Every structure is written in C-alpha cells, then in structure tokens.
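Undergrad: sequence first, predicted coordinates after that:
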Amino acid sequence: MSGWQIWTIIGVLLLVAEMFAPGFWLACVAIGCFVAGLVGLTPVGLTGQVIAFAVSTLASLVGIRPFLRRHFRLEPGTGVRTNVDALLGKTGIVTERIDAGGGAGGVGARSGRVIVEGENWRGASLDGAVLEPGTRVMVVQVDGTTLMVEREPEL
C-alpha cells in the first residue's frame, strides 16, 4: 500500500471520528492527512509528506477551525437553547385570562394559560397587566413551569 493511500485512509477515518467528537479538531487533522496524501502522489519522500501534514494541519487549525466554530455557533455562550428556555422570545396566545397581581409571579399574581409553539402552558403577566383570552403575548422569562409573558408589541 502506498503512502498516499495510507494518508487518505487515515483522513477518512478521522472524518468519521469527527462526527462523534465536538470542536472540529479531528477534521483539521484529517485535512492535514489529505494534503499529505496529495503530496505522497509526487516523488517526495516520507519527510516531505510529514512536513506537508504538519503545516496543513496547523494552517487548518488556525484558519478553518475558527470559521467552522463561528458558522456552527460553537463559541462559549452561544449554544442552542433547549427545553423550556427555547420558548424565550416566542409568541403565543392567551387561552385563559391572566389577572393582574404582584407581577413577575409575585404574591397575588394570578396565572392563566397560554399556548406557545402549540403547547399549553401556565402563564403569568410579567408587568401585572390583565391579559384577556385571544391576546397575543411574548415569552420574556421562565419561572419553573410558568411562562412570564408581556403583551406583544403591535407593529
């Protein structure tokens, strides 16, 4: 088996492994393997292939990895919101009157029901306003299983 074939096989295996590992580290090393494989097609010896591997791996770590992390939003603090936190900023409709109260779920706040993203949730008015059924609202905070909502601004 030729050197270029070995480099290519290692590169493919690293790309498969990248699917199970976060951060694009293995993809950068795989790029280095593919470049070394291309260099292996020329009459350059193993030393030239290893140098090509090292240089291209470093270049991809410095140049490509940051771009991929930004593109796929893998920077710290930019993760995908899941579960009930994914409802922040979503709009919904009041289905059961939300009475005025202490606001922000405080003492005296009376919750009602809202439908957001097709699901029925307990809702309370963040600013203490009375919200009648049919009112369009926006989720601004989550307090346990209660969505704190405000009347959606009209455009």
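TA: All right, it came through fine.
Undergrad: name the next helix or strand following the lengthiest helix in the chain along the chain.
TA: Counting residues, the longest helix found in the chain (DSSP state H) is helix 46-71. Remark: after helix 46-71, the chain's next helix or strand is strand 91-96, criterion DSSP states H and E.
Undergrad: quick check: buried residues in the next helix or strand after that following strand?
TA: Scanning forward in sequence from strand 91-96 by DSSP H and E, the next helix or strand is strand 112-116. Of the residues in strand 112-116, those buried under the neighbour-count criterion (16 or more other C-beta atoms under 10 Å) are Gly112, Arg113, Val114, Val116. From N, CA and C alone the C-beta is placed, and that goes for glycine too.
Undergrad: turn the residues you listed into TSV, including pLDDT.
TA: Written out in TSV, the entries for these read as follows (pLDDT from 0 to 100):
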residue	pLDDT
Gly112	91
Arg113	94
Val114	95
Val116	93
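Undergrad: you'd agree Leu14 is up against Gly32?
TA: No: with contact defined as C-beta atoms under 8 Å, Leu14 does not reach Gly32; the gap is 9.1 Å.
Undergrad: so for the two, which residue has more residues nearby?
TA: The neighbour count for Leu14 versus Gly32, taken as other C-beta atoms under 10 Å, is higher for Gly32 (25 against 20).
Undergrad: who's in contact with that one?
TA: Applying C-beta atoms under 8 Å, 6 or more residues apart in numbering, one finds that Gly32 lies in contact with Gly11, Ala52, Phe53, Ala54, Ser56, Thr57, Ser60.
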